[in-house]
Every structure is written in C-alpha cells, then in structure tokens.
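Chemist: pasting a predicted model and its sequence here:
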Amino acid sequence: MTIINDFDESYTEDSSESCFKCHDSKTYYQRKGPHIGLYCYKCGWLKWKEQKPDAFIIGFGKYKGKSLGEIKTIDIEYLKWLIKNIDNKKIINKIEKLL
Ligand SMILES: [Zn+2]
C-alpha cells in the first residue's frame, strides 16, 4: 500500500485482498478523512484499515489541524522537537515511525 502525504478524499487504490462477503469480488482502498477503508466493488465498505502515521492529525500547537505527513514536509524539526517535549506516547510513536 502506498503511503500518501496529503488528504486527498478521492484517493483510491486497488487492493490485493478479496471480499470476505462475496469472496471472489475485488476490493479497493479509499480515504475518508484521516482513515483508509477497505471497500468491495460489489457490496461496498468492509472494514477500516489502520490509519497511517502520516495521516494522523495534530490537535494542538502551531500546526493544529495538520497531519504529521504535512508537518514533516513543512517543518521536520518541529516533529523532532515534539518527541522531546510531549508526553503522549501514542503520538511520539507515530512520529518516530515517520522520521
Ligand atoms: Zn463484497
């Protein structure tokens, strides 16, 4: 699966997984906000895939509302600074995967 840095809602990509409801049917990934869902061409939505670390949206600070992927392209030093200055292990872990 390709890692994408923006929040293109129209992003879709064919998946190699087959539908667990209709079995033979092909599936695809589609972005909904910060999440990427697995969809079947026949029966629609199947399940959410894990949110990519680059798609995680920061809810605080000077880049509030931006994704980690966006911040990485704008100000990578800020991400390095965040790791040392915040206590949220979940966010630190996501940033470390990106750097
Ligand atoms: Zn299906």
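Modeler: Yep, it's here.

Chemist: quick check: buried residues in stretch 83-91?
Modeler: The neighbour-count check on stretch 83-91 (16 or more other C-beta atoms under 10 Å) flags residue 91 as buried. All C-beta spots, glycine's among them, are computed from the backbone N, C-alpha and C.

Chemist: now do the end-to-end distance for it.
Modeler: Across stretch 83-91, the terminal residues are separated by 8 Å (C-alpha to C-alpha, to the nearest Å).

Chemist: give me the residues contacting it.
Modeler: For stretch 83-91, contacts defined as C-beta atoms under 8 Å, 6 or more residues apart in numbering pick out 56, 58, 82, 92, 95-96, 99.

Chemist: what of stretch 72-82?
Modeler: Contacts for stretch 72-82 (C-beta under 8 Å, 6+ apart): 5, 54, 61-63, 66, 68, 71, 91-92, 95, 98-99.

Chemist: on that earlier part again, buried ones among the contacts of stretch 83-91?
Modeler: By 16+ other C-beta under 10 Å, the contacts of stretch 83-91 give 56, 58, 82, 95 as buried.

Chemist: tell me the secondary structure of the nearest residue to the last one once chain neighbours are set aside, please.
Modeler: Of all residues not flanking residue 95 in the chain, residue 79 sits nearest, at 5.1 Å (C-beta to C-beta, 6 or more residues apart in numbering). When classified by DSSP: H, G, I helix; E, B strand; the rest coil, residue 79 comes out as helix.
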